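J.: Predicted structure and sequence below. I'll ask about it afterward.
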Amino acid sequence: MQIQSINTNNPSFQALEVTPLARKLLQKEKGAAQKIAQYTKELADSKYPVKVDRGVHKYDNSEYLKFDLGNSRGSSWLQPAHINGRYIMVYSAEIGGDVEDDVVETLRFQNAEKAQEVYSKLKKFNEGDYHYSKITPLGELDRAAYSAKILTEADIIPNEQGPWEWFKPKEIIKKATEPKLNTQNLDNNKLTLSEKLKRAWNILRGKES
């Protein structure tokens with residue numbers, strides 16, 4: 001029996017999937033074909049395929065790009081919320097969901113320096129030419145491609161394992177904040193009345209703490 005090799009150049013195995021309608025919208029900008037080819041190559045080993053489709057706003061029939069970064073992530077990028085050492089908390093809009101349905105995730109990197117580098121770059125994706133009031137379809141593609149690279153590079157861990165207390169189970173928080181027992185008071189309970197009076201007198205005289 002002959003086993004056929006898988007052709008990884010087949011579009012069905014590409015980590016960047018751009019529908020014909022989305023491609024048409026992207027190609028209204030100069031350099032679109034080169035960008036698509038660049039990210040198709042750069043995302044070849046991505047664990048999180050980027051799917052790009054075209055949408056149409058109902059209120060004015062204007063076109064826009066719809067993104068799927070996998071695991072219900074429907075926005076074109078990961079928005080950074082918090083950083084703590086080598087951990088970054090990010091969120092992205094859920095496909096078809098409202099704001100309160102955001103996908104919240106904790107990313108862990110090899111070291112704090114790499115986490116800071118990623119955090120700073122993600123923050124810049126909401127400034128300047130990438131600001132929501134100025135960003136173009138190709139700019140959104142830039143953000144999506146970078147986000148897919150980060151998802152592949154980082155360890156995505158349960159939020160409860162991150163440094164943010166409000167995501168940890170209540171029993172863990174309770175245990176961490178539980179007051180320590182005063183062993184001196186426990187010892188006092190074992191003393192006779194005369195021994196307690198003697199200890200109190202010595203404490204007043206500064207001979208016992």
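T.: That came in fine, so what should we check first?
J.: gap between the two ends of stretch 89-105?
T.: With Cα to Cα, to the nearest Å as the measure, the ends of stretch 89-105 fall 6 Å from one another.
J.: Check stretch 15-35 too.
T.: Taking Cα to Cα, stretch 15-35 runs 14 Å from one end to the other.
J.: Which positions in that stretch come out as buried?
T.: For stretch 15-35, the neighbour count (16 or more other Cβ atoms under 10 Å) marks 15-18, 22, 25-27, 32, 35 as buried. Glycine gets a C-beta too; all of them are placed from N, C-alpha and C.
J.: Nearest to Glu140 among the residues you listed?
T.: Of all the buried residues of stretch 15-35, Leu26 has the smallest distance to Glu140: 9.2 Å, by Cβ to Cβ.
J.: what residues are up against the closest one?
T.: 18, 32, 35-36, 52, 65, 137-138, 141 (Cβ atoms under 8 Å, 6 or more residues apart in numbering).
J.: Now the buried residues of stretch 15-35 in TSV, please, with extra columns for pLDDT, distance to Lys123 and secondary structure.
T.: Below are the buried residues of stretch 15-35 laid out as TSV (pLDDT from 0 to 100; distance: Cβ to Cβ, whole Å; DSSP: H, G, I helix; E, B strand; the rest coil):
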residue	pLDDT	distance to Lys123	secondary structure
Ala15	88	25	coil
Leu16	93	24	strand
Glu17	94	28	strand
Val18	95	26	strand
Ala22	96	26	helix
Leu25	95	27	helix
Leu26	96	25	helix
Gln27	95	29	coil
Ala32	96	26	helix
Lys35	95	22	helix
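J.: Out of those residues, flag the one nearest to Lys58.
T.: Nearest to Lys58 among the buried residues of stretch 15-35, counting by Cβ to Cβ, is Leu25 at 17.0 Å.
J.: how close does the closest one get to Asp129?
T.: For Leu25, the distance to Asp129 (Cβ to Cβ, to the nearest Å) stands at 18 Å.
J.: next one: Val104
T.: Val104 sits at a distance of 27 Å from Asp129 (criterion: Cβ to Cβ).
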